[in-house]
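Chemist: Next input, structure requested:
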Amino acid sequence: MYQFALRLCSSLKRKRITRSSLLLLYLATSCFTASLAAQQIITIDYPGAVSTSPGAINNAGKVTGAYFDGTAYHGFLRNGDGTFVSFDPPGSTSTGPDSINSVGEITGLFQDASGHTLGFIRAIGGRFTIFDATDGGLYSYPLCISDLGEVSGDTTDSGGRSHGFIREGDGTITLFDPPNPSIFSDGAYYVNNGSVVGTYFDGSITADEHGYIRDAEGRYTIIDAPGATSRNSGLGTEAWKMNSSGTVIGDYWDYNLHRHGFTRDAQGNYTKIDVPGAGKGFGQGTITLDINDSGEVVGAVIGTNYKAFWKNASGGIVRFSAPGAGSSKNQGTIAVKVNNNGTVLGYYIDSNNVQHGFLRF
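Modeler: All right, here's what the predicted structure looks like:
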């Protein structure tokens, strides 16, 4: 949902601020700046909202996310014809959808009046299933729902320890902790057919960050991008998504505290992604946020402000800004999702620091 907005527009630290706080090499491929005439970008604003934070898009073009009405966050579904549906789980005081599958089922989190953070699944007819991954824990944070109805995310138990979880379509919940040893799960961001991709902090003195793949049998593959730093607490490699070919995308921090995107194919080969024009200051650089089954990658170029990028499977890169995006510090455009039809979803922050969603076709 809006976790990327929160982490990018704050200190660019590791954790989503709702919980704990979110170039050196050019690609040997063509890179160019797209003209607006070569693409169609439309703004997504929930009617009457103060701000709109889209989070996910499915292959039918349905979008989910959250909007702020001046008092609270509510969930929304935008249908392919542009019509909106607002929703909140029963008892919600703040709703944050994070993922929508091809069927149209939506998962995310909400807070109730007592301050508990719980997970929800919204069926296509609007019926809600509410769940607590640790049965009395501090919070549950669903992050992805697969076409099989599996939900992955992270949860904090009553003792304050964070775990990854998978909720099967029948409601069975499995908690897990990556090895080495894991002291904190940053999120199980993707699940499909029992396999999970996510990020965790290890038990070293510097609490280094690593990506991982957990297969359906519970076996782990640790993902550490070449060049990732371990010199500063909470920094390292983050893994976000895996496509049908087994390619994982993520980003990492180098020794100079610059950020780089990467892909890791099913054979374990890494490719660094540095978009020309990225900043070279602390926390600046390139972040990759999604990949589709065709190998198209989207993300953001971070400098003083933000520009979105789209990379095709051959390596060609398009940088772009949504019409109306601001150009001052912490303003600009960020692409967060790309579906299998190549439609890009993201958000932009305008010159008045108001957030809007967009679609790029």
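Chemist: What segments of the protein are helices?
Modeler: For the chain, helices defined by DSSP state H occupy the ranges 3-8.
Chemist: from what I can see residue 151 touches residue 141, true?
Modeler: No - applying Cβ atoms under 8 Å as the test, residue 151 and residue 141 come out as separate, 10.5 Å apart. Where you see a C-beta, it was placed from the backbone N, CA and C, and this is true even at glycine.
Chemist: any shared contact partners between those two?
Modeler: residue 119 (Cβ atoms under 8 Å, 6 or more residues apart in numbering).
Chemist: partner strands of the longest strand along the chain, parallel or antiparallel?
Modeler: Longest strand in the chain by number of residues (criterion: DSSP state E): strand 182-192. Taking DSSP bridges as the criterion, strand 182-192 sits next to strand 195-202 (antiparallel) in its sheet.
Chemist: Distance from the chain centre to the partner strand, please.
Modeler: With Cα atoms, centre = their mean, to the nearest Å as the basis, strand 195-202 stands 13 Å off its chain's centre.
Chemist: Can you tell me what sits against that strand?
Modeler: Strand 195-202 is touched from outside by 152, 154, 164, 166, 176-178, 180-191, 207-216, 234, 237-242, 248, 250, with contacts defined as Cβ under 8 Å, 6+ apart.
Chemist: Now, of those residues, which are buried?
Modeler: 152, 154, 164, 166, 176-178, 180, 182, 184-191, 207-214, 234, 237-242, 248, 250 (16 or more other Cβ atoms under 10 Å).
Chemist: Now, the residues you listed that are in strands?
Modeler: Filtering the buried ones among the contacts of strand 195-202 for strands - DSSP E - leaves 152, 154, 164, 166, 176, 182, 184-191, 209-214, 237-242, 248, 250.
Chemist: hang on, the earlier thing: between residue 151 and residue 141, which is the more surrounded one?
Modeler: residue 151 (30 against 25; other Cβ atoms under 10 Å).
Chemist: For beta bridges, what are the partners of the more buried one?
Modeler: The partner residues for residue 151, given DSSP bridges, come to residue 145, residue 167.
Chemist: now it: how far from residue 246?
Modeler: Going from residue 151 to residue 246 by Cβ to Cβ, to the nearest Å gives 21 Å.
Chemist: Could you list the low-confidence segments of the stretch 151-300 of the chain?
Modeler: 181-183, 205, 230-233 (pLDDT under 70).
Chemist: So residue 346 versus residue 146, what's the distance?
Modeler: From residue 346 to residue 146 the distance is 22 Å (Cβ to Cβ).
Chemist: quick one, which of these two is more surrounded?
Modeler: Neighbour tally, residue 346 and residue 146, criterion other Cβ under 10 Å: the higher count belongs to residue 346, 31 against 22.
Chemist: do you know how far that one is from residue 274?
Modeler: Per Cβ to Cβ, residue 346 is found 20 Å from residue 274.
Chemist: again with residue 290
Modeler: Taken as Cβ to Cβ, the span from residue 290 to residue 274 is 18 Å.
Chemist: Which of the two has more residues huddled nearby?
Modeler: residue 290 (23 against 20).
Chemist: Tell me who's in contact with the more buried one.
Modeler: For residue 290, counting by Cβ under 8 Å, 6+ apart, the contacting residues are 240, 241, 249, 297, 298, 299, 335, 336, 337, 338.
Chemist: switch the cut-off to 10 Å
Modeler: 56-57, 190, 240-241, 243, 249, 296-299, 335-339, 344-346 (Cβ atoms under 10 Å, 6 or more residues apart in numbering).
Chemist: Distance check, residue 60 against residue 296.
Modeler: Taken as Cβ to Cβ, the span from residue 60 to residue 296 is 17 Å.
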